[in-house]
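Chemist: pasting a predicted model and its sequence here:
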Amino acid sequence: MKTFSRYLLWAALSVLIVAAGCRGKGAPEAGRPAGTEAHEAESHEVPSSVKLTAEAVAAADIRTVTVAARPVARRIAATGELEWNARRVVHLTARTAGRLERVLAVRGDRVREGQLLAEIYSPDYLTLQAEYIQAAARLKRHVGDTEEEGSSRAFLAGARERLALLGVPGSEISRLDTAAEPRPLLPVRAPLSGTVIESEVVTGDAVELGTSLFRIADPSMLWACLHILEKDVGALEAGTDVVLRPVAYPGQEFRGRLVLIGDVFDPATRTVEGRVEVANPAGRLKAGMYVGASVAAGGERTALLVPEESVVDDGGHAVVFVMTGERTFARREVETGEKFDGSVEILAGLAAGETVVTSGSFLLKSEIRKATLEDEHGHR
């Protein structure tokens with residue numbers, strides 16, 4: 001029995017020794033590859049500052065300025081969405097019954113003013129052309145006839161008006177004066193240049209009077225529908241300038257004008273519509289985009305400002321270089337706000353009294369990246 005007890009004690013001690021040895025060898029934890037701990041031990045901070053020689057500072061023409069808080073015109077923040085300018089949207093419908101012989105434009109197409117979009121075979125169109133040709137011929141016969149000329153002119157004017165109501169341009173109507181031959185198909189043309197935003201018809205469709213054919217919007221001037229908080233409405237008035245920042249284009253600004261402050265509050269959000277007209281000549285802005293906005297308002301506020309050239313883009317981050325010592329510069333990420341006549345507001349990342357670089361940031365960015373690469377190679 002004593003022998004058996006000694007055997008159990010010896011076995012237990014052996015297990016403890018083996019387990020201690022395994023821990024001493026740094027066995028990896030479950031689910032982690034071997035060598036992870038060693039790699040983590042070698043991890044290091046990426047260098048965020050650099051010290052230059054006096055010669056390098058002079059060669060790079062590094063200049064600095066002290067960060068300061070200054071009074072600026074008060075602006076109100078809002079959010080909203082871009083939408084089509086309703087004053088620049090047209091809805092084309094069939095002006096007579098018939099059949100679509102050709103459909104030349106579909107949703108998404110860019111079209112020019114006067115461009116042919118579709119052609120309709122219409123018996124009514126043929127009949128009206130025939131009436132016009134007869135009226136023109138009648139007038140020619142009765143020119144100079146005091147009794148018949150007046151009524152002939154009135155009959156021709158009526159025939160012209162009925163064709164114009166179908167959307168036939170005056171030049172095509174006048175062609176009938178000489179050609180005296182009706183056209184078989186009624187053209188449907190774009191009344192303005194823009195984008196086809198809606199079209200459900202295809203070649204061969206039968207159409208009735210009023211059938212929807214195309215909806216076209218001019219994208220060169222859009223509306224931004226802003227949601228103005230109730231507490232801010234009293235500080236705004238129509239006609240003030242607005243800065244729009246689309247979510248799709250970080251860091252980019254588009255300027256517009258507040259043209260309308262709505263009369264009805266949304267009871268759920270306690271906001272009112274603020275309508276902004278914004279030019280879009282390059283077509284980069286799209287209806288439906290979300291935008292942040294800054295609207296000029298009465299009064300002043302204090303903002304921490306630095307020159308625009310102090311803020312540089314570094315991998316999608318807004319960055320400034322702060323002088324932290326003699327010829328020593330640190331990379332600092334910042335959060336920017338409004339722009340004011342060559343200056344940009346700093347919301348976070350800097351404090352008044354710090355010194356930032358205004359010229360030579362490219363060299364500093366390069367030097368810090370070089371130091372980062374050297375540091376990474378040195379730890380491999």
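Modeler: That came in fine, so what should we check first? Numbers count the residues shown, from 1 in each chain.

Chemist: what separates residue 68 from residue 328, distance-wise?
Modeler: 22 Å (C-beta to C-beta, to the nearest Å). (Glycine included, C-beta is placed from N, CA and C.)

Chemist: nope, residue 265 is what I was after
Modeler: 54 Å.

Chemist: from residue 368, how far off is residue 49?
Modeler: In terms of C-beta to C-beta, residue 49 sits 7 Å off from residue 368.

Chemist: residues shared between the contacts of those two?
Modeler: residue 331 (C-beta atoms under 8 Å, 6 or more residues apart in numbering).

Chemist: tell me which of the two has more neighbours.
Modeler: Neighbour tally, residue 49 and residue 368, criterion other C-beta atoms under 10 Å: the higher count belongs to residue 368, 21 against 17.

Chemist: how far away is the more buried one from residue 290?
Modeler: For residue 368, the distance to residue 290 - C-beta to C-beta - is 34 Å.

Chemist: swap in residue 357?
Modeler: Distance from residue 357 to residue 290, by C-beta to C-beta: 34 Å.

Chemist: and if you look at residue 147?
Modeler: Distance from residue 147 to residue 290, counting by C-beta to C-beta: 70 Å.

Chemist: what's the answer for residue 341, then?
Modeler: 27 Å.

Chemist: more neighbours: residue 357 and residue 290, which one.
Modeler: A direct count of neighbours by other C-beta under 10 Å for residue 357 and residue 290 places residue 357 higher, at 23 against 12.

Chemist: next up, the contacts around the more buried one.
Modeler: Neighbour list for residue 357: 62, 63, 64, 310, 320, 321, 322, 323, 329, 364 [criterion: C-beta under 8 Å, 6+ apart].

Chemist: quick check: closest non-adjacent residue to the last one.
Modeler: The shortest distance from residue 364 to any residue other than its chain neighbours is 4.7 Å, reached at residue 321 (C-beta to C-beta, 6 or more residues apart in numbering).

Chemist: make sure the one you found is actually in contact with residue 331.
Modeler: Yes. Between residue 321 and residue 331 there is a contact under C-beta atoms under 8 Å: 6.1 Å.

Chemist: does the most centrally placed residue in the chain count as helix, strand or coil?
Modeler: Geometric centre of the chain, nearest residue: residue 285, 3.9 Å, by C-alpha atoms, centre = their mean. Secondary structure for residue 285, judged by DSSP: H, G, I helix; E, B strand; the rest coil, is coil.

Chemist: and it, its phi and psi?
Modeler: In terms of degrees, to the nearest 10, the main-chain angles of residue 285 are phi -80, psi 140.

Chemist: quick one: residues contacting it.
Modeler: 82, 219, 222, 246, 254, 278.

Chemist: let's see that with 10 Å instead.
Modeler: Residues in contact with residue 285 (C-beta atoms under 10 Å, 6 or more residues apart in numbering) are 82, 219-222, 224, 244, 246, 248-249, 254, 256, 278-279, 291.

Chemist: what about residue 288, neighbour count?
Modeler: 8.

Chemist: doesn't residue 84 make contact with it?
Modeler: Yes. Contact criterion C-beta atoms under 10 Å: residue 288 and residue 84 qualify, at 9.4 Å.

Chemist: related to what we said a few turns ago, now, the contacts of residue 357 that are in helices?
Modeler: residue 364 (DSSP state H).

Chemist: of the contacts of residue 357, select the buried ones using a PyMOL command.
Modeler: Buried residues within the contacts of residue 357, by 16 or more other C-beta atoms under 10 Å, are selected in PyMOL with:
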select buried, resi 62+64+310+320+321+322+323+329+364
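
Chemist: low-confidence regions, the stretch 201-350 of the chain specifically.
Modeler: Within the stretch 201-350 of the chain, no stretch has pLDDT under 70.

Chemist: let me see the ranges of the helices in it.
Modeler: Counting by DSSP state H, counting those that start in this stretch, the stretch 201-350 of the chain has no helices at all.

Chemist: now the strands for it?
Modeler: 206-207, 212-217, 221-229, 241-246, 254-266, 271-279, 290-307, 312-314, 317-325, 328-333, 335-340, 343-348 (DSSP state E, counting those that start in this stretch).

Chemist: among these, which is nearest residue 138?
Modeler: strand 206-207 (32.1 Å; C-beta to C-beta).

Chemist: mind listing the strands that closest one pairs with, and their directions?
Modeler: Applying DSSP bridges, strand 206-207 is found paired with strand 98-103 (antiparallel).

Chemist: what's the angle between the strand it pairs with and strand 212-217?
Modeler: Relative orientation of strand 98-103 with respect to strand 212-217: 50 degrees, computed using axes from the mean of the first three to the mean of the last three C-alpha atoms, to 10 degrees.

Chemist: moving C-terminal of strand 98-103, what's the next helix or strand?
Modeler: strand 110-111 (DSSP states H and E).
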